[in-house]
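**Q** no sequence on this one, just coordinates:
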């Protein structure tokens, strides 16, 4: 399971400025930390689905940018501006692409996961295609 935060308060300030972060949080550090925690949890749900169980000690900058956009969206609550909304949706779409192509993060998955991803397998449907065959006892 992925652990630790992907961004810090300093990352948010670096990207959006002290004034915006203070204004949005009403100078409440708990509010900022809650937005960071929520954004990190949301991003990690996508990374876990992409079969990441561990990230480098310093997350890739591109991931940090996307998580900052998500945290900013959380800070805005109900007063989200158009650009904040667009950046949030762009971040989520990017995370969905990472699920399909984990190498977008710039490092390799663990060998065990790579082997599982490269394995060839067949998926059989668990529902009969034609139920009339089941009724006739021909399945």
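**A** Received the coordinates, thanks. Since the model is a prediction, treat every value here as computed from it, not as a measurement.
**Q** which stretches of the chain form strands?
**A** Read by DSSP state E, the chain holds no strands at all.
**Q** now for it, the helix or strand with the poorest mean pLDDT.
**A** Every helix and strand of the chain was ranked by mean pLDDT, DSSP states H and E. The lowest is helix 111-118, at a mean of 38.
**Q** mind listing the helices for this protein?
**A** Using DSSP state H, the helices of the chain run over residues 9-16, 18-25, 29-49, 61-76, 82-100, 111-118, 131-135.
**Q** among those, which is nearest residue 2?
**A** Comparison of the helices of the chain against residue 2 by CB to CB identifies helix 29-49 as nearest, at 4.7 Å. Bear in mind the C-beta positions are built from the backbone N, C-alpha and C, glycine included.
**Q** got the angle between the closest one and helix 82-100?
**A** Using axes from the mean of the first three to the mean of the last three CA atoms, to 10 degrees, one finds that helix 29-49 and helix 82-100 are set 30 degrees apart in direction.
**Q** just give the nearest non-adjacent residue to the most centrally placed residue in the chain, would you?
**A** For the chain, residue 43 is the residue whose C-alpha lies nearest the centre (CA atoms, centre = their mean; 2.4 Å). Excluding the flanking residues, the one nearest residue 43 by CB to CB, 6 or more residues apart in numbering is residue 67, at 4.9 Å.
**Q** I'd say the one you found and residue 38 touch.
**A** No. In this structure residue 67 lies outside contact range of residue 38 using CB atoms under 8 Å: 10.2 Å.
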